[in-house]
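**Q** With the sequence up front, the predicted model follows.
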Amino acid sequence: MALFHRRGLAALVLTLALTGSAHAQQKVSIDFWHGLPQPLGGLLEQVVAGFNASQAQYEIKPSFRGSYPETMVSSIAAFRAGNAPHIVQMFEVGTATMMAARGAVKPVHELLAEAGVALDTNDYLPAIRGYYSTTDGKLMSMPFNSSTSIMFYNKEAFRKAGLDPEKAPATWAELRAAAKKIKESGASACAFTSSWPTWTQIEQVGAIHNVGVASKANGFGGPDATLDLTNPLFVRHLTTLVEMAKEGTYRYGGRDGAGDALFASGECAITHASSGARARYLKEVPGGIANIGFAFLPYYSEVTATPNNTVIGGASFWVMNAGPNKVRAREELTGIAEFFKYISRVDIASKWHIDTGYLPITKSAFEAVKATGYYDKNPGADIPITELLRGTMTANSMGFRLGNFAEIRVAIQEEMERAIQGQQTPAAALEAANKRGNEILRAFERANRS
Amino acid sequence: MHKRVIFNNRLLPYLLLLPQMMITLVFFFWPAFEAIRQSVLLQDAFGLRSEFVGFENFAHILNDPNYLTAMGVTIVFSATVTLLAMVPALLLAVLADSGIRGASLYKTLLIWPYAVAPAVAAVLWLFMAHPSIGIIGKALNAAGIAWNYQINGGQALTLVILASAWKQISYNFLFFLAGLQSIPKSVIEAAKIDGARPVRRFFTIILPLLSPTTFFLLVVNLVYAFFDTFGVIDALTKGGPGTSTVTLIYRVYIDGNHNLNLGSSSAQSVILMVIVIALTVIQFRFIEKKVHY
């Protein structure tokens, strides 16, 4: 009897499921894979829900696929199997890999043109637009969540060390002197640390000083670019870090975002981290916002008098074909274009910026938020934006277009770590990183030859 | 009545074997064959372009100084993990078998870590060893020992070895305990009557009688150290600092799964396959002769 009952129930569920899907068929369904964990992922899904509620034709189905690298790998595997998602969120270092996969992605500028949807790309912050565009300014992917790296410092530690808590070190000489004072006075256990070692200590340093990390405008000019890590600027900088580590004023915080914890706990007085770390620091650093200073990344006054803009990090949205030789239907592409139009609306972009701390994509969103007085009430929140707009963007500060960039970053990190451990000199470390990185670039160039 | 052990039906034994054969074919032979095929190809990440390159992937990987370093790290890592996972397990098994009070409670507790997923085990160790948030890490630094596995290669390797070995102790404990319990009590009692002391009894009677278990565990532990430890490494050190905790299997994982270099990753797994086949053959050929069944 119970068995029959269960069968009856199963049949009912099946019928419901069938009618449910039949109902959903009326809408064009668009798969969207993202790599944002909570709470950011939830906020992103709210944006998607807002789009779904705003019209009746399309239904975007978001799903979380793990970290950025995991999302990238699973979407590529899905593409090979012929069922890639329509939209995938890809971190910025995957840009060159996606761009080289001509048969796998649908460039956003083509998508918008075919769907007849107009977006004012000139309104985008130049550093964001440039990172995701071809050299002739055509948008390849849809910018969404961008950040940059800035300097955070602990005002309490500055006070204890006898430093002016309202004046952040602007140059590396000032930073080093401040770190020395902090160490000598015992104001905090550790003076200076950093997160995302290659991003904040190599890539940003290059951009700020208008020195290329790679030839051909950091790879924008073509896949045959070569790394230029042996440039005296990078040798000078890694030497600074190694010397500071030796004198006990710099603590290497580990790879990726591992260094964030050192500033959050109040252990380190200064850090270079993603502007996206702001929310965590406000919550965790002892003393909260009253104790945190925000500033631009420092520069070497011996190298340049006019420091440039920093580059962005974060992710953008790529439109993928379903698989090799499997293109998307017209209405699906139109739906994606409508979604992109929706997320670049001033109200949506401003809300995303305020809710998450990521940069506003457009200048008009920035102005709109400014007009509400948000930046006056939240000191330091505009630092990443003004830092991105500093100076004039050059070929060396536009961004990076290097194949297998994630792998190159790991190679650089490994050699930096060996230098900081004292196993090799800074010059030798950069030499080795350069050699390994170039091999990776050549392998990518060869595998993507058409 | 005599029970027949031979099947009447000719088809039935094959039918009974079929599920196991299918699993072996689909999950072992097919991937192994795929790995060999991919190892001679150069492919872009999306599989849009593919080119036959012969043994170039192998030549490239074997000429990479970092690959040779990884080989050295793997030897140190596997040998130490195996040793550290087996010796304490044997000790604990002997103690748990010696009839102390609450032995069954100890047994249950000792088996627990085996149920912990590698990544979770790594996080547990991270919370103990992290220089600024870990209990032990903080204590070491407070005691004046400069402990920071994020920038000290030796400390990093020690940490991943400890975490990997700890996870395997339960498994070994279980087998050793079963092995100990199957040793006939009469043999040990006879030795007692002859006046052999516990230590002597252990080395001359228990250890030789345990040798089939020990041999089995040696093979299993080496395979574990070679193949099943990248989760721990990934969660704890990501191979760093430098390349001091990159083992061969971790490199296969990184090159294939992060760097999407399938040709190189496949070539490496073929090399690894050859190494493990060779190791297993050596173990069965030479060590097994010393095992008493």
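**A** Great, that's in hand.

**Q** CA only for contacts and neighbour counts going forward, please
**A** Will do.

**Q** Any idea what the spatially closest residue to A:M142 that is not a sequence neighbour is bridged to?
**A** Excluding its sequence neighbours, the residue lying closest to A:M142 (Cα to Cα, 6 or more residues apart in numbering or on different chains) is A:F317, at 4.9 Å. Applying DSSP bridges to A:F317 gives these bridge partners: A:Q89, A:M142.

**Q** isn't A:F317 right next to A:N145, touching?
**A** No - contact criterion Cα atoms under 8 Å: A:F317 and A:N145 do not qualify, at 9.1 Å.

**Q** OK, now which residue of chain B is nearest to chain A?
**A** B:G242 (3.8 Å; Cα to the nearest Cα).

**Q** Count the residues that sit near that residue.
**A** 25 (other Cα atoms under 10 Å in any protein chain shown).

**Q** For it, give me its contacts.
**A** Counting by Cα atoms under 8 Å, 6 or more residues apart in numbering or on different chains, B:G242 touches A:413-418, B:153.

**Q** A:L40 now?
**A** Residues in contact with A:L40, defined by Cα under 8 Å, 6+ apart, are A:T356.

**Q** so which strand or helix has the residue in the stretch 351-450 of chain A that chain B sits nearest to?
**A** Of all residues in the stretch 351-450 of chain A, A:E414 sits closest to chain B, at 3.8 Å by Cα to the nearest Cα. Secondary structure from DSSP states H and E places A:E414 in helix A:405-420.

**Q** Just the CA coordinates for the next helix or strand after that helix, please, in CSV.
**A** For helix A:405-420, the following helix or strand on the C-terminal side (DSSP H and E) is helix A:426-447. Extracted C-alpha coordinates of helix A:426-447, given in CSV (Å, rounded to 0.1, in the frame of the first residue of the first chain):
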residue,chain,number,x,y,z
PRO,A,426,66.6,39.7,-6.6
ALA,A,427,68.3,40.1,-10.1
ALA,A,428,68.6,36.3,-10.4
ALA,A,429,65.0,35.8,-9.3
LEU,A,430,63.7,38.2,-12.0
GLU,A,431,66.0,36.7,-14.6
ALA,A,432,64.6,33.2,-13.8
ALA,A,433,61.0,34.5,-13.7
ASN,A,434,61.5,36.2,-17.0
LYS,A,435,62.9,33.0,-18.6
ARG,A,436,60.1,30.8,-17.2
GLY,A,437,57.5,33.4,-18.1
ASN,A,438,58.7,33.7,-21.7
GLU,A,439,58.6,29.9,-22.1
ILE,A,440,55.0,29.9,-21.0
LEU,A,441,54.2,32.8,-23.4
ARG,A,442,55.8,30.9,-26.3
ALA,A,443,54.0,27.7,-25.5
PHE,A,444,50.7,29.7,-25.5
GLU,A,445,51.6,31.4,-28.7
ARG,A,446,52.3,28.0,-30.3
ALA,A,447,49.2,26.2,-29.1
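
**Q** So helix A:426-447, near chain B or not?
**A** Yes - counting by Cα under 8 Å from any Cα of the partner chain, chain B has neighbours in helix A:426-447: A:444, A:447.

**Q** residue nearest the centroid of chain A?
**A** In chain A, the residue lying closest to the centroid (Cα atoms, centre = their mean) is A:G314, at 1.7 Å.

**Q** residues contacting that residue?
**A** A:G314 sits next to A:91-92, A:145-148 when contact means Cα under 8 Å, 6+ apart.

**Q** nearest to A:V73, of those?
**A** Ranked by distance to A:V73 (Cα to Cα), the contacts of A:G314 are led by A:F91 at 11.6 Å.
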